[in-house]
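1. quick one: sequence and predicted model below, then my questions.
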Amino acid sequence: MASNASNLASWDVDKVEQWLSENGFDSYVDLFCKTHKMDGLCLQTLTERDLKEPPMYIKVLGDVKRLWLAIVELRKSCGNCRKSLNYSRTSTPDDLKSVGDFSDGRIFTDASDSDIDPPEILLRLSSVGDTGRTLLAVVYCVMVLIITSLTMTVVHDRVPDMNRYPPLPDIFLDNMPLVPWAFYICELSASIMGFILALVIVMHKHRLILIRRICAIVGTVFLLRCVTMFLTSLSVPGVHLECSGKIYGDWETRLKRAFTIFFGGGLALNGVRSCGDYMYSGHTCAVTLLNFFISEYTPRRWSFLHTICWLLNIFGIFFILAAHEHYSIDVFIAFYISSRIFLYYHALANAQSLDNRAKLRTRIWFPLFWFFESNCKFKGRIPNEYEWPITCNTFTHQG
């Protein structure tokens, strides 16, 4: 080999171009050197996955394998290439693993590649930009909320006859007197937190990621609620509720009512009243997720705001029960499911520096999460930085 590989880390783009030509890869000179400005340091950190996936996206498998083996041989001839790299604490395990262990002659193979190569459709999906993913997340959430509204009209027609099926025994409702105005206070609490979260979204520097996560989690929680509402119809929890089934018999009427519920946000403050949508409580999901999102995406030292939101969350749930609008089990399950989905989603999002085998399992078991988060520029917790959304003057507040 004409080029001196012992100083690979010091190679410039021209030397990489020379090496490619000497090894018969002239057709990839433009891709490596002109488009992606590959120097010696980049070659040391390159992985086989990088060759297959966007932005390089080499379609010829034989060329991928030949290029990868040539790069491996080049690294082996460097000796201990890890010494020539100055790694910082921000280096990811994948980066370190891809350049390590070449001094003893071992060839690194991506764990996920050894199991299965991602289909072309997944590669194309992974190349969708941040704005495209956010728009798809918004569409997903809106569609789920429309389906939820339609499901509410269906279960309203199936609500059990109040004369034949009285309210079920409930330890809280049986010992709590009815407070007629309590449900409106719950919705007022949700509205206050909704306004706060809207301000956080507008001012957050990484608002697209925030919107994407809100839509993904809200959509998933309410899609699961559609299933539980439809499967089992519980009797009305309070005799004060005026519920009579079979009032949305035809689908045209149901669709009109569904859009009324959707545009009214499902709020009694906007004149929306429904029966049969008990398992589980949508209002509890709303106040819980609002609280969690505000707490997650504001600086930790804003403890006063976090305390206020937790109080609004807890009292919002209490007022739902005080109004006898839901059974206690509805509220408990709603809080548990919404909080767990929020925490699991963020635990996965904050642990994206896992090994490739774990990433493969994530792609299989959590495809929606994989699509929305696979190319996120943050591999850990998103910094809470804020800026004016319109002007160029920004103020940054590290959370």
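-> In hand now; what should we look at?
2. list the contacts of Pro237.
-> Contacts for Pro237 (C-beta atoms under 8 Å, 6 or more residues apart in numbering) come out as Pro167, Leu168, Asp170, Leu173, Tyr278, His324, Glu325, His326, Tyr327. Quick note: C-beta positions are derived from backbone N, CA and C, even for glycine.
3. nearest spatial neighbour of the second one, skipping sequence neighbours?
-> Taking C-beta to C-beta, 6 or more residues apart in numbering, and ignoring the residues beside it in sequence, Leu168 has Ser235 as its nearest neighbour in space, at 5.9 Å.
4. and the one you found, how far is that from Cys215?
-> In this view, Ser235 and Cys215 are 34 Å apart by C-beta to C-beta, to the nearest Å.
5. the two: who's more crowded?
-> Per other C-beta atoms under 10 Å, whichever of Ser235 and Cys215 has more neighbours is Cys215, with 23 against 18.
6. so which helix or strand takes in that one?
-> Using DSSP states H and E, Cys215 sits in helix 207-231.
7. what mean pLDDT does that helix have?
-> Regarding helix 207-231, the rounded mean pLDDT is 94.
8. what is the subsequent helix or strand relative to that helix?
-> helix 251-263.
9. just give me the residue closest to the centre of this structure.
-> Arg213 (4.1 Å; C-alpha atoms, centre = their mean).
10. chain neighbours aside, what residue packs nearest to that residue?
-> Nearest one to Arg213, counting by C-beta to C-beta, 6+ apart, is Tyr345 at 7.0 Å.
11. separation between the one you found and Leu67?
-> Relative to Leu67, and taking C-beta to C-beta, Tyr345 is found at 37 Å.
12. in the stretch 51-200 of the chain, where is pLDDT below threshold?
-> 78-127 (pLDDT under 70).
13. now do the contacts for Asp63.
-> Counting by C-beta under 8 Å, 6+ apart, Asp63 has contacts Phe25, Tyr28.
14. what comes up buried for the helix or strand where it lies?
-> Using DSSP H and E, Asp63 maps to helix 61-76. Residues of helix 61-76 classed as buried: Val64, Leu67, Trp68, Ala70, Ile71, Val72, Leu74, Arg75, Lys76 (neighbour count, 16 or more other C-beta atoms under 10 Å).
15. any idea how far it is from the chain center?
-> 35 Å (C-alpha atoms, centre = their mean, to the nearest Å).
16. perfect, I'm done here.
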